[in-house]
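Student: Please work out how this folds:
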Amino acid sequence: ALIGSAQASAAGSAGRASQHAVECWLVDLHAAAPALHALERDTPRLSDWDRETAAAFSDKQAAAQWLAAHIALRMLLERAAGPGWRGVPLERGTRIKPHLKDAPVIFSLSHVAGLALIALGPAEPLGVDLERARVVHMSPHRRAPLEDAAQLLNPDAALPGGDDARFLQTWVRLEAAAKADGCGIGRLLTRLGLTRDSTLSEAERETRARSVTQAMRLRDMDLGGGLFAAVATPPGVARPDVAAFPASPEGLRDLVR
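Tutor: Down below sits the predicted model:
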């Protein structure tokens with residue numbers, strides 16, 4: 001469920017008091033970008049790497065949205081861990097997920113055109129993924145094993161009807177699980193026996209999918225508006241609501257106050 005930013009502030013404050021809480025925030029990048037960029041000019045939070053990465057974009061609008069998503073992330077990290085983490089580069093690598101080394105909070109970020117979805121929590125595993133409705137060009141033969149695996153990863157919720165909707169929900173489940181595991185989507189598909197050259201039997205694929213669910217809890221997120229999302233959390237963690245990230249200068253200042 002999507003809750004308003006004022007309600008989210010109170011809910012988030014309570015969440016910070018719980019060592020097991022996970023927060024999820026949906027950022028409207030079109031609405032929030034002007035205030036986010038203005039606040040970043042006044043109080044820089046991004047690292048040099050962030051700015052250099054955005055400067056390398058050939059599409060200036062895409063760069064502005066990428067920056068807005070990462071400013072929002074930095075504000076949420078500061079809200080959770082304090083202002084001492086401003087400008088600290090994220091640790092990155094081919095076999096590690098982006099993180100602030102030694103920080104008391106971890107995160108997962110996914111963004112599509114105009115929107116970002118951010119999850120924060122105190123402990124791994126944590127992963128989130130977001131997709132917009134679109135036409136998917138993939139054969140039924142290729143889709144079927146991916147969809148079967150996604151159903152095993154979240155057996156409590158049926159995949160939606162409609163070929164494209166079914167596959168997009170499949171994909172966000174797989175991506176959220178891969179981010180939570182830290183392995184990346186390619187290695188997760190290999191591990192689950194979902195690559196084109198895999199020789200694993202259906203029974204072996206089921207066993208491997210269930211081994212993933214022993215380490216995390218994967219759930220769908222109902223965002224409406226042609227959006228598909230999933231979040232992976234540690235087992236036993238309450239299902240997080242999705243808070244609307246503030247878009248006004250006042251709301252942003254209140255967020256980190």
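
Student: what's the neighbour count on the residue lying closest to A55 once chain neighbours are set aside?
Tutor: With sequence-adjacent residues excluded and distances taken as Cβ to Cβ, 6 or more residues apart in numbering, A55 is closest to A63, at 7.3 Å. C-beta here means a position set from N, CA and C on the backbone, and glycine is covered the same way. Here the number of neighbours of A63 (other Cβ atoms under 10 Å) works out to 15.

Student: so A63 touches A54, yeah?
Tutor: Yes - if you go by Cβ atoms under 8 Å, A63 and A54 touch, sitting 4.5 Å apart.

Student: helix, strand or coil for R239?
Tutor: coil (DSSP: H, G, I helix; E, B strand; the rest coil).

Student: give me every residue that touches it.
Tutor: By Cβ atoms under 8 Å, 6 or more residues apart in numbering, the residues touching R239 are R219.

Student: What does the pLDDT read for it?
Tutor: The model reports R239 with a pLDDT of 88.

Student: try the one 10 residues further on
Tutor: pLDDT recorded at P249 is 96.

Student: Looking at the protein, which helix is longest?
Tutor: helix 60-81 (DSSP state H).

Student: Check the offset of it from the chain's centre.
Tutor: Distance, stretch centre to chain centre, for helix 60-81: 13 Å (Cα atoms, centre = their mean, to the nearest Å).

Student: Which strands or helices does that helix pack on?
Tutor: Packed against helix 60-81 by the contact rule (3 or more Cβ pairs under 8 Å, 6 or more residues apart in numbering; DSSP states H and E) you find strand 23-28, helix 29-42, helix 48-55, strand 106-112, strand 115-121, helix 249-256.

Student: which of the ones you listed sits most buried?
Tutor: Of all the helices and strands packed on helix 60-81, strand 115-121 has the most neighbours on average by mean count of other Cβ atoms under 10 Å, namely a mean of 25.

Student: re earlier: could you check how far the residue nearest to A55 is from G84?
Tutor: Between A63 and G84 the computed distance is 27 Å (Cβ to Cβ, to the nearest Å).

Student: Good, we can wrap up now.
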